[in-house]
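heads up, no residue letters with this:
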């Protein structure tokens, strides 16, 4: 789960609306005015990836179209071109009734994570929230190449390791469906990858970085 | 006759649904009908419905030829329900079931032949077998279980009364001519009679030859002895003895749980029913396990019928069977009826693993509640474009990749696994550090790891 720098570049009208601090207790509070603006902006800052699993949701061409869909800080809904199964996700569900459109609480995720009871309304812990200032996946997580699963970094204390474990499961990072996608993709990429022939990686970049690091360690030991 | 395509226009959960049931491009049998098909999918997606559709169409074929031949598909038809295409002597035949305009309650069974062949000349010699495996023995083994009925039927077989012999031969002939067996409706009596009838002739002949060989040997008549031995050999080669086929097919499986079927009957009168034994101790039918009954009684019909060019439908063949037996079950069926076309419907990953990817029809719901077939290939239907190969997957991969089970294990396992990996990595790090393995932290971490690894089934 890579870090997400969540600076609004295009959806400035939404940003202005947020600044007014009007109540937004549920989905209808803004009459859906900024729904597509938010999704388009999030996909841009998330570089087309699911915020949690890093599964590719949209292509770079689709991302470019989304960026071009903004005019004067407002997104033109007719330019919305996403057919992928995506979901506008509230990181902390408890904030949904009172702060439904809160930018800091929103991500776009692969719908499997929200739609099959993986995350649902489970309580969350900010230790693994991809847009926080202190979040760094390489100090909190590690990756097992054989199982293709994330686990807490070995130098965390037991308490924090358990907090990270709980969030790994809540966010679906090790969800079977995702693990299969990730394994299939990375194993193919890693076979072809070498220093002389670096592969371009369009999804699961964090897991790839861990695998690459592991491969290099193995090579050093040889 | 084999089915090549099923099209369902508008019937129950199927809307504009088409199944191509031929081998893909790049396959040695490209374009020919599949020899076996496996339907999988969530409950309610229509696996059994498709079997029922095939069953219904075939029932019309074999029981009402005139209806099939003469009521051609015409403009009166309001909408199609379904069309099934067959390959018959290399000619395509299509059968449509449709609803007549202005009368929505009346169905119109309409058949037509695509390549100009005269419908009246189509002779449908083929029967089909419908097995709903789980229900089979409970509903339909009445004759086999009813001692009085069995005794009387079998005693009739041993009679020297010429009239009864003729009657028996006539019954056997009629069974051979029967084109349609539905084991949800017909019981197994016909099949059992056919097996006994065929076995009886075999045993008489075998006993005759055994006696002749023995006598020739006593008489030191080598020429006669060799001649009878040759005849005996030919008899064995003819594989006309159903019990031998049954034991060959099932004993490798049954021996896994220390039982076996016997095909050896010293006297004809011993031949009553399939004999199961542990060592030499017979096990009465009522003591057979559910799985054993299921297995033996499901396989048995394949021995009593000529299955050449037959369409065989089997719903949930895995019922009551231990995974180890399921693993080779499809091979057991298909070996016994090599020229038949099989349609299975299953919820078992072990059953699905015995099919090539083009033989698996995975049914899924669309958002509107209708059903589609999940394709296992990308682009053109060519063997090289397939991405899922059930025969090569691990069992757990079949569950996640073919049966779409989203998680690899229970939530409890998912919770535990990252912590086990965490302890494992910690141990590796301590091993690398100077004196790390002598530290109390190493011992504590190792203990924590072992506790979790043990639960996860990892070798510690």
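Nice, I can see it. None of these values were measured; they are calculated from a predicted model.

which stretches of the stretch 101-250 of chain B aren't confidently modelled?
B:101-154, B:184-187, B:239 (pLDDT under 70).

what do you get for chain A?
A:26-31, A:116, A:214-222.

quick one, what contacts the residue minimising distance to the centre of it?
Closest to where the C-alpha atoms of chain A average out (CA atoms, centre = their mean) is residue A:51, at 0.6 Å. Residue A:51 sits next to A:1, A:4, A:42, A:89, A:107, A:108, A:109, A:130 when contact means CB atoms under 8 Å, 6 or more residues apart in numbering or on different chains. The C-beta positions use only the backbone N, C-alpha and C, and glycine is treated the same way.

please redo it, this time with the cut-off set to 6 Å
Contact analysis of residue A:51 by CB atoms under 6 Å, 6 or more residues apart in numbering or on different chains lists A:4, A:107, A:109, A:130.

if we look at the helix or strand encompassing the second one, which residues are touching it?
In this case it means residue A:107. Here residue A:107, judged by DSSP states H and E, is contained in strand A:106-110. For strand A:106-110, the surrounding residues in contact (CB under 6 Å, 6+ apart) are A:39, A:42, A:43, A:50, A:51, A:52, A:53, A:55, A:86, A:87, A:89.

Ok, stretch A:32-46 next?
A:4, A:6, A:8, A:10-11, A:14, A:58, A:66, A:75, A:77, A:80, A:88, A:108.

Show me which residues of that stretch are buried.
A:34-46 (16 or more other CB atoms under 10 Å in any protein chain shown).

what about that stretch, distance to the chain center?
14 Å (CA atoms, centre = their mean, to the nearest Å).

Break down chain A into its strands, ranges please.
A:70-71, A:74-75, A:86-90, A:106-110, A:141-144, A:149-152 (DSSP state E).

From the chain's centroid, how far away is the third one?
Right, the one you point to is strand A:86-90. Remark: strand A:86-90 is offset 10 Å from the chain centroid, using CA atoms, centre = their mean.

Could you name the helices and strands sitting against that strand?
Applying 3 or more CB pairs under 6 Å, 6 or more residues apart in numbering or on different chains; DSSP states H and E, we find strand A:86-90 packed against strand A:106-110, helix A:111-115.

Given the first one, what are its sheet partners and their directions?
Right, strand A:106-110. strand A:86-90 (antiparallel) (DSSP bridges).

related to what we said a few turns ago, any of the contacts of stretch A:32-46 buried? List them.
A:4, A:6, A:8, A:10, A:11, A:14, A:58, A:66, A:75, A:88, A:108.

Chain B versus the fourth one, what's the distance?
So that's residue A:10. Residue A:10 sits 31 Å away from chain B, going by CB to the nearest CB, to the nearest Å.

Please list all residues in contact with that residue.
A:41, A:70.

Run a quick neighbour tally on residue 199.
Chain wasn't specified; assuming chain A. 15 (other CB atoms under 10 Å in any protein chain shown).

try again with chain B
For residue B:199, using other CB under 10 Å, the count is 24.

which SSE is it in?
helix B:189-218.

Show the secondary-structure elements that that helix is packed against.
Counting by 3+ CB pairs under 6 Å, 6+ apart, helix B:189-218 packs on helix B:162-177, helix B:222-237, helix B:242-254, helix B:301-304.

mind listing what's buried in it?
Neighbour-count burial for helix B:189-218 [16+ other CB under 10 Å]: B:189-200, B:202-203, B:205-206, B:209, B:212-213, B:216.
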